[in-house]
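K.L.:
sequence plus predicted model, see below.
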Protein chains: 4
Amino acid sequence: MDFKKSQTIYEQIADIVRENILTDKWQAGDKIASVRELAAEIEVNPNTVMRSYSSLQEQGILFNKRGIGFFVSDKAQKIIHKMDKDIFIKEELPSIFRKMKLLHVDFEELKNLYNKSKSKYL
Amino acid sequence: MDFKKSQTIYEQIADIVRENILTDKWQAGDKIASVRELAAEIEVNPNTVMRSYSSLQEQGILFNKRGIGFFVSDKAQKIIHKMDKDIFIKEELPSIFRKMKLLHVDFEELKNLYNKSKSKYL
Amino acid sequence: MDFKKSQTIYEQIADIVRENILTDKWQAGDKIASVRELAAEIEVNPNTVMRSYSSLQEQGILFNKRGIGFFVSDKAQKIIHKMDKDIFIKEELPSIFRKMKLLHVDFEELKNLYNKSKSKYL
Amino acid sequence: MDFKKSQTIYEQIADIVRENILTDKWQAGDKIASVRELAAEIEVNPNTVMRSYSSLQEQGILFNKRGIGFFVSDKAQKIIHKMDKDIFIKEELPSIFRKMKLLHVDFEELKNLYNKSKSKYL
DNA sequence: GTGGTCTAGACCACC
DNA sequence: GTGGTCTAGACCACA
């Protein structure tokens, strides 16, 4: 597994977990991989995985049962969706629109790029 | 001057320089603030400014004359525009489109948000 | 450790690293001395070593794992060999040939000097 | 006029003067360009030219007559030839031979490159 | 005055 | 422990 340098590894792991929950790969109540299992699989220090799980737990996305493991919480999907959409609309989109203006990219071009990217996944 | 802590100071300085060039505030051939001047103005260590200028020089955006100062290179604007557009189209937009899909944001909603943001600046 | 003053220290450190890789002392995947270790060993400021390692990383010769250290990249030797041979053939040799002409040194004399230098290492 | 960054401007100017003398463009007793003339021509600070001329004077290559200008000394060519050949044989060639070994360039290849470079100037 | 290098020492996040 | 950034202050060569 290879990670981007611009973001910390534990955040990138948390992102993957969040995405798996958002896309229904992992559902409410599911037991997810143990810290050691995941660490071994993606070749990362167990401390690093632990840190990801802990932060997800603080956000109410995971919960753990002592000696058993980490589980997806009931409200996980709702929480993630709200967090992500908030960031998307308040931070990411404005930054994109600002850059479009700076680079003289008009909405037509955006539309074309959108359609092109969509057709990739058909 | 205050900086975000999510990004290094020297990158933020480089970003400002790039933006000033892209928006024609500084034009090809212009002498820009000396390392010490800028450092004093934005209350930062001269070494930090130096690092920004050096990286911009490596990218071909600035050049310097010994003992005189740093200048905006002829191709600066073209280089910056190309770099920025490349990143925008190959990295930022795909990430945005991917997130739209994940969050079930359709193109109509994007269009509305775009028009809303546009009207802010009218 | 003593350095020539005609060249910056950080370039000389980078040169040593490159040479150690080129001569197989350090091989692809090897972990090299940490910034602080090397700095202590050659009695130089850690920042200076950091600067060397960073530039080697930009060139694709080294890479690092967060919190672990710097490593020799797989293509390191190939990159260095290409860089060196390019400079040798496009810059150093022409300059030598030009000087030979200027100083009226013919190819026979060069051959003699070459053989003499070679016998030194036998 | 454009200068390499790796060497100081005044040294590069001195190099040009030396070369002009070595190739008989400027001969013993000739008056060379005044400091201001040359400075204007190559767009450089007069101080910088002065520094070049001074160093050449120290080496016995130039001499000056007060209020008249700088002149090529009688022994100029001999001095330059000796200096250059010394450096060439004791420093530059050994460094080249060392690099040949490192880059696995054998003498045959050197010969080919030499002949190729020679034919360029025919 | 300018850029450029270097040191000493600090602080941080991460593994 | 590791890399990475930043500061304060010094010194140098060059214009």
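P.N.:
Yep, it's here.

K.L.:
how about the closest residue in space to residue A:59 that isn't next to it in sequence, what does it touch?
P.N.:
The shortest distance from residue A:59 to any non-neighbouring residue, by CB to CB, 6 or more residues apart in numbering or on different chains, is to residue A:79 (6.5 Å). To be clear about C-beta, it is placed using only N, CA and C from the backbone, and glycine gets the same treatment. Residues near residue A:79 by CB atoms under 8 Å, 6 or more residues apart in numbering or on different chains: A:59, A:60, A:61, A:73.

K.L.:
with residue A:36 instead?
P.N.:
Residue A:36 is in contact with residue A:46, counting by CB under 8 Å, 6+ apart.

K.L.:
part of a strand, is it?
P.N.:
No - the assignment for residue A:36, made by DSSP: H, G, I helix; E, B strand; the rest coil, is helix rather than a strand.

K.L.:
could you measure from the residue nearest to residue A:59 over to DNA strand E?
P.N.:
22 Å (CB to the nearest atom of the strand, to the nearest Å).

K.L.:
do residue A:93 as well
P.N.:
From residue A:93 over to DNA strand E the distance is 25 Å, taken as CB to the nearest atom of the strand.

K.L.:
and the angle from the helix or strand encompassing that residue to helix B:93-102?
P.N.:
Residue A:93 belongs to helix A:93-102 when assigned by DSSP states H and E. When axes from the mean of the first three to the mean of the last three CA atoms, to 10 degrees is applied, the directions of helix A:93-102 and helix B:93-102 differ by 140 degrees.

K.L.:
in the following helix or strand past helix A:93-102, what's buried?
P.N.:
Scanning forward in sequence from helix A:93-102 by DSSP H and E, the next helix or strand is helix A:107-120. Within helix A:107-120, the residues scored as buried using 16 or more other CB atoms under 10 Å in any protein chain shown are A:110, A:113, A:114, A:117.

K.L.:
end to end, how far does stretch A:86-105 reach?
P.N.:
End-to-end distance for stretch A:86-105, by CA to CA, to the nearest Å: 25 Å.

K.L.:
what would the helix or strand hosting residue A:40 look like as PDB? C-alpha coordinates only.
P.N.:
In this structure, residue A:40 sits in helix A:35-42 according to DSSP H and E. The C-alpha trace of helix A:35-42 is given here as PDB (Å, rounded to 0.1, in the frame of the first residue of the first chain):
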ATOM      1  CA  VAL A  35      -5.700  -3.200  14.500                       C
ATOM      2  CA  ARG A  36      -3.000  -5.900  14.000                       C
ATOM      3  CA  GLU A  37      -4.600  -7.500  11.000                       C
ATOM      4  CA  LEU A  38      -5.000  -4.200   9.100                       C
ATOM      5  CA  ALA A  39      -1.500  -3.100  10.100                       C
ATOM      6  CA  ALA A  40      -0.100  -6.300   8.800                       C
ATOM      7  CA  GLU A  41      -2.100  -6.100   5.600                       C
ATOM      8  CA  ILE A  42      -1.200  -2.600   4.600                       C
END
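
K.L.:
and the end-to-end length of stretch A:74-94?
P.N.:
End-to-end distance of stretch A:74-94: 32 Å, with CA to CA as the criterion.

K.L.:
show me what counts as buried in it.
P.N.:
By neighbour count on 16+ other CB under 10 Å, the buried set for stretch A:74-94 is A:76, A:77, A:79, A:80, A:81, A:84, A:88, A:93.

K.L.:
show me which residues of chain A sit near chain C.
P.N.:
A:5, A:8, A:9 (CB under 8 Å from any CB of the partner chain).

K.L.:
select from these the one having the most neighbours.
P.N.:
residue A:9 (21 neighbours; other CB atoms under 10 Å in any protein chain shown).

K.L.:
my guess is residue A:64 is in a strand, correct?
P.N.:
Yes - according to three-state DSSP, residue A:64 belongs to a strand.

K.L.:
count the residues that sit near it.
P.N.:
Residue A:64, neighbours per other CB under 10 Å, totals 15.

K.L.:
ok, now which ones touch the residue nearest to it when sequence neighbours are not counted?
P.N.:
Spatially, and ignoring its direct neighbours in sequence, residue A:64 is nearest to residue A:70 (4.7 Å; CB to CB, 6+ apart). For residue A:70, the contact set (CB under 8 Å, 6+ apart) comprises A:31, A:32, A:34, A:35, A:53, A:57, A:62, A:63, A:64.

K.L.:
list just the nearest of those to DNA strand F.
P.N.:
Distance to DNA strand F across those (CB to the nearest atom of the strand) is lowest for residue A:35, with 18.5 Å.

K.L.:
determine the three-state secondary structure at the residue in chain A that chain D sits nearest to.
P.N.:
The nearest approach of chain A to chain D comes at residue A:5, 29.7 Å away (CB to the nearest CB). Classification of residue A:5 using three-state DSSP returns coil.
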